[in-house]
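A.B. asks: mind folding the following:
(4 chains)
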Protein chains: 2
Amino acid sequence: MTDTIFDGHDHGRCQGMALDAVDAQCAARGLRLTPVRRDVLEILLKSHRALGAYDLLDELKARGHKAQPPVAYRALDFLLSNGFVHKIEQRNAYVACCQPGKAHAPGFMICRGCDLVAELPSPDPQDSVMVAARQIGFAVERTVVEAEGLCPACKREEEEA
Amino acid sequence: MTDTIFDGHDHGRCQGMALDAVDAQCAARGLRLTPVRRDVLEILLKSHRALGAYDLLDELKARGHKAQPPVAYRALDFLLSNGFVHKIEQRNAYVACCQPGKAHAPGFMICRGCDLVAELPSPDPQDSVMVAARQIGFAVERTVVEAEGLCPACKREEEEA
DNA sequence: CGGCATATGTTACTATATAACATTCTTCGC
DNA sequence: GCGAAGAATGTTATATAGTAACATATGCCG
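C.D. replies: A predicted model of the protein is given here:
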């Protein structure tokens, strides 16, 4: 698993696969991937970055939607609650999920240089928070795990400068 | 280390100790713990909860400060950047640090029942995000680790209802 | 077709956070 | 002590993020 967005990684391919996966999920579960929702998802998939709701809104306008804030937020609600998109809490921003459908409580690496976001396959029950929670009987329902820093490429750039 | 805020835990004592620790730190490092800053810290220490900036603002008013938003945010900036307070990203809210001064990238358990927040002693370099970061050469500069759920007491309550 | 559920359009508003500039307070060299 | 420089606070205005509430349209099913 060195296939993150930061190294050799076929953007177009991953994008198409994710969209197909979401289509399949929606068909299977009787969900409606309407035009607004699909557009929001596509925008996020294309950028592979964390975008704010108002960035999405601008893109939606560019694509010809009538776009008041609730439009974006409703699409995000749908995508979030079905696991097709995740929120990056430290930025109040949103990214497309890389493994749509597979239920997971994801972790992220966020590059402050290029803003690319890599999603980690899964959080680990051996992680220190989880261990601590078990020890004291705290029932974890949701986790937020986000690491901000520099990806290899941006680190090189910064060192040269 | 079962001494979290969720079990037997001497509120008043921990509060006093934290304040003393901050005083000591400020003296040692030539920082000014001015009245506004001290009040914000006290408010947070007393509640042991994550409070929003505007909650703090209200409390400040109650204590006789002139209080426009920048007042609260500036005090928070000071306390955050010196490690006396942490931000709970998933709530846009702030908690007092339990071990002020000791540099640490903390993790949290946040009870959705009583809103109490427990700070975890330290994040672990063996945690899955950290391992993944090392593997791909991602330089982590800041981590956000937050687990939301139910503390033992609130879990019991919910089961009874 | 009619009626229900779901989705979208629209207005207005709440909550969170910051920019910019004026004023006051501290500290420190003289 | 006095005055200048830097730090902290006061104040106004505004940016950014998110939601409530209600009207309208669309898809689905009997």
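A.B. asks: neighbours around A:C151, how many?
C.D. replies: By the criterion of other CB atoms under 10 Å in any protein chain shown, A:C151 has 27 neighbours. Placement of C-beta: from N, CA and C, glycine included.
A.B. asks: tell me which residues are up against the strand ranked longest in chain A.
C.D. replies: Counting by DSSP state E, the longest strand found in chain A is strand A:139-150. Contacts to strand A:139-150, defined as CB atoms under 8 Å, 6 or more residues apart in numbering or on different chains, come from residues A:88-90, A:105-113, A:120, A:123, A:127, A:129-130, A:133, A:158, B:89-90, B:109, B:112, B:129-130, B:133, B:138-150, B:155.
A.B. asks: host element of the spatially most central residue of chain A?
C.D. replies: Nearest to the mean C-alpha position of chain A, by CA atoms, centre = their mean, lies A:V95 at 2.8 Å. Following DSSP states H and E, one finds A:V95 within strand A:93-96.
A.B. asks: which is the next helix or strand following that strand?
C.D. replies: Heading C-terminal from strand A:93-96 (DSSP H and E), you reach strand A:107-111.
A.B. asks: that following strand vs strand B:139-150, what angle?
C.D. replies: Interaxial angle, strand A:107-111 versus strand B:139-150 (axes from the mean of the first three to the mean of the last three CA atoms, to 10 degrees): 150 degrees.
A.B. asks: near DNA strand D at all, strand A:107-111?
C.D. replies: No: taking CB under 7 Å from any atom of the strand as the criterion, strand A:107-111 and DNA strand D are apart, separated by no less than 14.4 Å.
A.B. asks: can you tell me what sits against that strand?
C.D. replies: Residues contacting strand A:107-111 (CB under 8 Å, 6+ apart): A:4, A:6, A:50, A:86, A:88, A:90-91, A:95, A:116-120, A:122-123, A:143, A:145-151, A:154, B:128-129, B:132-133, B:138, B:140.
A.B. asks: kindly report the same for stretch A:53-60.
C.D. replies: A:36, A:39-40, A:43-44, A:51, A:67, A:69, A:71-73, A:75-76, A:92-94.
A.B. asks: and the longest strand of chain A, is it in reach of DNA strand D?
C.D. replies: No: counting by CB under 7 Å from any atom of the strand, DNA strand D is not contacted by strand A:139-150; separation bottoms out at 13.0 Å.
A.B. asks: buried ones in that strand, by neighbour count?
C.D. replies: Buried residues in strand A:139-150, counting neighbours by 16 or more other CB atoms under 10 Å in any protein chain shown, are found at A:139-140, A:143-150.
A.B. asks: repeat for stretch A:18-30
C.D. replies: Neighbour-count burial for stretch A:18-30, with 16+ other CB under 10 Å as criterion, is recorded at A:18-19, A:21-22, A:25-26.
A.B. asks: relative to B:V85, how far out is A:E119?
C.D. replies: The gap separating A:E119 from B:V85 is 29 Å, by CB to CB, to the nearest Å.
A.B. asks: in three-state terms, label the nearest residue to A:C98 once chain neighbours are set aside for me.
C.D. replies: Of all residues not flanking A:C98 in the chain, A:E119 sits nearest, at 4.7 Å (CB to CB, 6 or more residues apart in numbering or on different chains). Assigned state for A:E119: strand (three-state reduction, DSSP: H, G, I helix; E, B strand; the rest coil).
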